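Q: sequence first, then the predicted structure:
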Amino acid sequence: MLDEQLDEFARELGANFYGVADLSSASDYIKNQGGNIVTGYPTAISIGIRLLDTVVDELPNRFEKSVAVAYKHHYDITNLRLDLITSRISSVLQMDGHKALPIPSSERYDDKRICAVFSHKLAAYLAGLGWIGKNCLLITPEAGPRVRWSTILTNAPINPTGKPMTDGCDDCTKCVDTCPVSAFTGEKFRKDDDREVRYDARKCERYFEIMEEADKIPVCGLCIYNCTVGNKLE
Ligand code: SF4
Ligand code: SF4
């Protein structure tokens, strides 16, 4: 019953994707990434909002200021919407007697490892909402990587919505080839590999710094735009 209520509530609040993940197989990984605050929760609720194609499809023109402004605004407002949804669901869960911790939708926690306190992708993956692509993003069958994610950690008695999805990248390398700084190695996701096997986050970060140093609005996202699963233009 609680499962249906939460799914319905999340969608009423504007979520396009809702899933529940059993975190038991990832407890060491979660503790290692985020420490005590994110440790000990058996379950994660994964919430996704689909990005607008009208904005993402303009990313090849991202050096035009109007495009960069539109994308950055859409990105920021989508993160805010996610944070409002996870905050409201967490309050409902607390009122119902459960623990609930909303994870910020886009907040750097560790500068050295360039990561957040918890991986939203991990929750969405374990909830069966998609697979981890060669671009290190969660690839949904419905919209590819054109989705922003957020997460609530909880001990509420709710049921997992699925199991990790089979990798659908096959022989495709479009996102790997499109990255202007060759940040991806082309390796497929394997759950025991470190992220560095597939992705050098420092290359991406440096690319953004260079744009800032040149007084440009730092926007790229070509690895989102060019994924063959979400791109309806090509
Ligand atoms: S955002 Fe751009 S630079 Fe960064 S990984 Fe994606 S394609 Fe590469
Ligand atoms: S572009 Fe191709 S290889 Fe990259 S994530 Fe999408 S399907 Fe996978």
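A: Perfect, thanks for sending it. Ligands and ions are numbered 1, 2, ... in the order given.
Q: let me see the contact set for the closest residue to T185 other than its chain neighbours.
A: Using Cβ to Cβ, 6 or more residues apart in numbering and skipping residues adjacent in sequence, the residue nearest T185 is R198, 5.6 Å away. Where you see a C-beta, it was placed from the backbone N, CA and C, and this is true even at glycine. The neighbours of R198, taking Cβ atoms under 8 Å, 6 or more residues apart in numbering as the test, are K134, C136, F184, T185, E187, K188, F189.
Q: who in this structure is up against ligand 2?
A: G133, K134, N135, I139, C169, C172, T173, K174, C175, C227, T228, V229 (Cβ under 6 Å from any ligand atom).
Q: mind checking which of these are in helices?
A: K174, C175 (DSSP state H).
Q: just the buried members of the residues of the chain next to ligand 2?
A: The neighbour-count test (16 or more other Cβ atoms under 10 Å) marks G133, K134, N135, I139, C169, K174, C175, C227, T228, V229 as buried among those.
Q: need the per-residue pLDDT for the second one.
A: Confidence at K134, expressed as pLDDT, is 97.
Q: for this protein, what helix or strand is lowest in average pLDDT?
A: Least confident helix or strand of the chain, by mean pLDDT, DSSP states H and E, is helix 27-34 with a mean of 88.
Q: which residues sit against that helix?
A: L23, V38, T39, Y109, D110, R113, C115, A116, V117, F118, S119, L122.
Q: list the contacts of G144.
A: Counted by Cβ under 8 Å, 6+ apart, G144 has contacts I224, C227, T228, V229, G230, N231.
Q: now for those residues, which pair is the farthest apart?
A: The two members of the contacts of G144 with the most space between them (Cβ to Cβ) are I224 and T228, at 11.9 Å.
Q: any chance you could map the helices in this structure?
A: Using DSSP H, helices in the chain cover 2-12, 27-34, 53-56, 65-95, 120-126, 174-178, 201-213, 222-225.
Q: tell me the most buried of those helices?
A: When neighbours are counted by mean count of other Cβ atoms under 10 Å, the highest per-stretch mean among the helices of the chain falls to helix 120-126, a mean of 25.
Q: give me the mean pLDDT for that one.
A: According to the model, helix 120-126 has a mean pLDDT of 97.
Q: what lies in contact with it?
A: 17, 19, 21-23, 25-26, 29-30, 44-46, 48, 103, 105, 130-132, 136-138, 149-151, 160, 163-165.
Q: what residue in the chain comes nearest to ligand 2?
A: At 2.6 Å from ligand 2, G133 is the closest residue in the chain, using Cβ to the nearest ligand atom.
Q: list the beta-bridge partners for the closest residue to that residue other than its chain neighbours.
A: Once flanking residues are discounted, G133 sits nearest to I139: 4.1 Å by Cβ to Cβ, 6+ apart. As for beta bridges, I139 partners with W131 under DSSP bridges.
Q: pLDDT score assigned to I139?
A: Looking at I139, the pLDDT reads 97.
Q: with V92 instead?
A: For V92, the model assigns a pLDDT of 97.
Q: who are the contact partners of the closest residue to it other than its chain neighbours?
A: Closest residue in space to V92, ignoring its immediate chain neighbours: F9 at 6.8 Å, by Cβ to Cβ, 6+ apart. Counting by Cβ under 8 Å, 6+ apart, F9 makes contact with R88, I89, V92.
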